[in-house]
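In: Please find the sequence and the predicted model below.
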Amino acid sequence: MLDKAPKWPLEAVKLGRSVTMLPAPLDTILGEKAAINVYKSAAEVQVYVACGNIVAPM
């Protein structure tokens, strides 16, 4: 089960995009059970607008 608390908070979406540099190598991130959740806003974190698992390409 995934931990709901973010390990690495992401930058807010602005003009339809967000870029965040994580303080971990990609191999570390791919080696964990990880997902991305995008919320409607900081005030409405209970409302997901997008989500996805982070997995290595096959």
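Out: Happy to help now that I have it. Numbering: from 1, shown residues only.
In: At the geometric centre of the chain, which residue sits there?
Out: In the chain, the C-alpha nearest the mean C-alpha coordinate belongs to I36, at 2.7 Å (CA atoms, centre = their mean).
In: tell me the mean pLDDT for the strand or helix carrying that one?
Out: In this assignment (DSSP states H and E), I36 forms part of strand 34-39. Strand 34-39 shows a mean pLDDT of 87.
In: Partner strands of the helix or strand following that strand, with direction?
Out: Note on strand 34-39: by DSSP H and E, the next helix or strand toward the C-terminus is strand 48-54. Partners of strand 48-54 in the sheet, by DSSP bridges, are strand 34-39 (antiparallel).
In: what's next to stretch 42-57, contact-wise?
Out: 12, 29-30, 34-41 (CB atoms under 8 Å, 6 or more residues apart in numbering). C-beta: built from backbone N, CA, C; applies to glycine.
In: if we can go back for a sec, local confidence estimate at the residue nearest to the residue nearest to the centre of the chain when sequence neighbours are not counted?
Out: Distances taken as CB to CB, 6 or more residues apart in numbering place G52 nearest to I36, at 5.5 Å, with adjacent residues excluded. Listed pLDDT for G52 reads 91.
In: Neighbours of the closest residue to K40 other than its chain neighbours, how many?
Out: Spatially, and ignoring its direct neighbours in sequence, K40 is nearest to V47 (4.0 Å; CB to CB, 6+ apart). Neighbourhood size, V47 [other CB atoms under 10 Å]: 10.
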